[in-house]
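J.: Sequence first, then the predicted structure:
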Protein chains: 2
Amino acid sequence: MRDDDLDAAFSALADPARRAIIARLSRSSATVNELAEPFTITKQAVSKHIQVLEQAGLITRTRDGQRRPCHLDPAALEALTGWIDTYRLEAERQYRRLDGVLATLKDQHSKDQS
Amino acid sequence: MRDDDLDAAFSALADPARRAIIARLSRSSATVNELAEPFTITKQAVSKHIQVLEQAGLITRTRDGQRRPCHLDPAALEALTGWIDTYRLEAERQYRRLDGVLATLKDQHSKDQS
DNA sequence: CAAATAATCAACTGATCGGTTGATCAACGA
DNA sequence: TCGTTGATCAACCGATCAGTTGATTATTTG
């Protein structure tokens, strides 16, 4: 995944309205009007949010007459968790290693005292 | 996890410099100067990035004389993957359900034809 | 064809963001 | 004690962003 893609994806998620749209779409696909319904902001604003999500690759859109249903893309979400997990796991590995070193030092200390 | 926390965390990750800092810290803790070294931007700019990451709860800072080492917090990263996975898994469930419906319809069709 | 509906485009505003320069603070070391 | 170093604060600039209003493009339906 390129840097620009990660920029787009994470900044797309950095907005409560867009996360709410993600949450809604996880249950089923929906149109702009359906997605806009629970919000107080204008339909145009929601349309912009949807374009941001689409540009980020988090959702896809199809054609159904004059409607443009939105669909959540689980694979895109998985790519993000993949990126995060890379560094989370590495950090956890490092902490375990450090714990090991500390335990060894403590052990040495006990021996020195005995 | 509150909405504001998710805002802060995801927008913190929506910047390549901050992601590079995350990547660096996953290998070991480091000071501002160490983190700034590979960048062309000023140390002040890096300091701001670090404050953003700290505010978002993704990293913590300790005191070591005049140094302020940064440490990556794996738990914060896990909270983010947790949020994402909630909706990814729900979406995948929905798609499987839909596949089931389509398979049933196709099956009905075959029966009708026989 | 005309009215209505789904969605977008265009232009504008206020706020936030990433970055800079210059000054300041606090801890260290000769 | 004084110069140096690690780090931050403050003020500013240009760009981007979320939201608005108003007009426009397609598609459906009477």
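T.: Cool, the structure landed.
J.: Tell me the spacing between the closest residue to DNA strand D within chain A and B:Ser29.
T.: The nearest approach of chain A to DNA strand D comes at A:Gly65, 2.6 Å away (C-beta to the nearest atom of the strand). For glycine as for every other residue, the C-beta is placed from the backbone atoms N, C-alpha and C. Taken as C-beta to C-beta, to the nearest Å, the spacing of A:Gly65 relative to B:Ser29 amounts to 57 Å.
J.: the more surrounded of the two?
T.: More neighbours sit around B:Ser29 than around the other of A:Gly65 and B:Ser29, counting by other C-beta atoms under 10 Å in any protein chain shown; the figures are 20 against 5.
J.: Can you pull the residues of chain A lying near DNA strand D?
T.: Proximity of chain A to DNA strand D is confined to A:11, A:15, A:17, A:40-42, A:44-45, A:48-49, A:52, A:65-66 under the rule C-beta under 7 Å from any atom of the strand.
J.: Who wins on neighbours among these?
T.: By neighbour count, taken as other C-beta under 10 Å, the most surrounded of these turns out to be A:His49 (21 neighbours).
J.: wait, isn't it in contact with A:Ile21?
T.: Yes - checked against C-beta atoms under 8 Å, the pair A:His49 and A:Ile21 is within contact range at 6.2 Å.
J.: Could you list the buried residues of the biggest helix by length in chain A?
T.: Within chain A, and with DSSP state H defining each element, the longest helix by residue count is helix A:74-113. By neighbour count, and taking 16 or more other C-beta atoms under 10 Å in any protein chain shown as the criterion, the buried residues in helix A:74-113 are A:74, A:76-81, A:83-85, A:87-88, A:90-92, A:94.
J.: Just name the closest of those residues to B:Leu98, please.
T.: Proximity of the buried residues of helix A:74-113 to B:Leu98 was ranked by C-beta to C-beta; the top entry is A:Pro74 with 12.6 Å.
J.: Okay, the closest one and A:Arg19: tell me how far apart.
T.: In this structure, A:Pro74 lies at 15 Å from A:Arg19, with C-beta to C-beta as the measure.
J.: Kindly report the same for A:Asp5.
T.: Counting by C-beta to C-beta, the gap from A:Asp5 to A:Arg19 is 18 Å.
J.: likewise A:Leu58?
T.: According to C-beta to C-beta, A:Leu58 and A:Arg19 sit 10 Å apart.
J.: what's the answer for A:Arg96, then?
T.: When distance is defined by C-beta to C-beta, A:Arg96 is 32 Å away from A:Arg19.
J.: same question, A:Ile59
T.: Note on A:Ile59: its distance to A:Arg19, by C-beta to C-beta, is 12 Å.
J.: Could you check which of these two has the larger neighbour count?
T.: Looking at A:Ile59 and A:Arg19 with other C-beta under 10 Å, you find the greater number of neighbours at A:Ile59, namely 23 against 20.
J.: Give me the angle between the lowest-mean-pLDDT helix or strand in chain A and helix B:74-113.
T.: Each helix and strand of chain A was given a mean pLDDT (mean pLDDT, DSSP states H and E); the minimum falls on helix A:74-113 at a mean of 86. Helix A:74-113 runs at 140 degrees relative to helix B:74-113, counting by axes from the mean of the first three to the mean of the last three C-alpha atoms, to 10 degrees.
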